[in-house]
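Colleague: Could you work out the structure for the sequence below:
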Amino acid sequence: MRREIDLNEISDGRLYGVNDMVKADCKDCKGCSSCCQGMGSSIVLDPMDCFRITKGQSCTMEELLIDKLELNVVDQIVLPNLKMKPVDERCNFLSEEGRCLIHNIRPGICRLFPLGRIYEGEGFSYFLQIHECKNKNRAKVKVKKWLDTPDIKRYEVFIYAWHDCLKKMQKKIDENRETEFANQVSMYVLKQFYFTPFDGEKDFYDQFFKRLEAIPFL
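Modeller: Here you go, the predicted model:
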């Protein structure tokens, strides 16, 4: 999602690449689950997140939307996000002991935290959010290891491509200025990238970029 931020206020002032060391390791959190509570609708999911979860949980997006996910407007486009429980604002994938029930297939934002991304030119860098994590005794860890994602180079290409795609769609919506067009964009995105399953036996990235290239209004 688009955010206007002053890095000097929220970070340690440095930008990181995947091979850099950063003080982000929470040492398995030791039972702390603060970042899994009270997040509202901010944990927005990209197509790979939903592919991982539906495949790992052997379920459909429709089933996840019963109680685990919800849909909300993000910068004019409807996208899925993790749903918090209404009573205590805990993530629905959080156990009573405060442990993630889908840790091996957790969303990208969860893997990233307490890091963030800043997009510049044709790529992006990582930065450390210094006020977000309650654990003040974090250890240094290589960014690549912290993200815990196979084939990190292809993953970063995917992340940038999805970000760029959404940005172009938002620009089209701004130019069109018709509510109906915005609705059509959202319906297309949800159908093509979330509700139409990716084949779990084939390469996700190949399938994703084939769908990306087929978007008719970009």
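Colleague: mind listing the strands for this structure?
Modeller: 21-25, 69-74, 77-82, 115-120, 123-128, 139-142 (DSSP state E).
Colleague: So which of these is the most surrounded?
Modeller: Of these, the one with the most neighbours on average (mean count of other Cβ atoms under 10 Å) is strand 77-82, at a mean of 22. Where you see a C-beta, it was placed from the backbone N, CA and C, and this is true even at glycine.
Colleague: With just CA atoms, put it into PDB.
Modeller: Extracted as PDB, the C-alpha positions of strand 77-82 are listed here (Å, rounded to 0.1, in the frame of the first residue of the first chain):
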ATOM      1  CA  ILE A  77      -8.400  -1.700  -5.300                       C
ATOM      2  CA  VAL A  78     -10.100  -4.500  -3.300                       C
ATOM      3  CA  LEU A  79      -7.500  -6.900  -1.900                       C
ATOM      4  CA  PRO A  80      -7.600  -9.700   0.800                       C
ATOM      5  CA  ASN A  81      -6.000  -9.300   4.200                       C
ATOM      6  CA  LEU A  82      -5.600 -11.300   7.300                       C
END
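Colleague: centre of the chain versus that strand, how much separation?
Modeller: On the basis of Cα atoms, centre = their mean, to the nearest Å, strand 77-82 sits 10 Å off its chain's mean C-alpha point.
Colleague: Okay, now the unreliable bits of this structure?
Modeller: 1-5, 28, 31 (pLDDT under 70).
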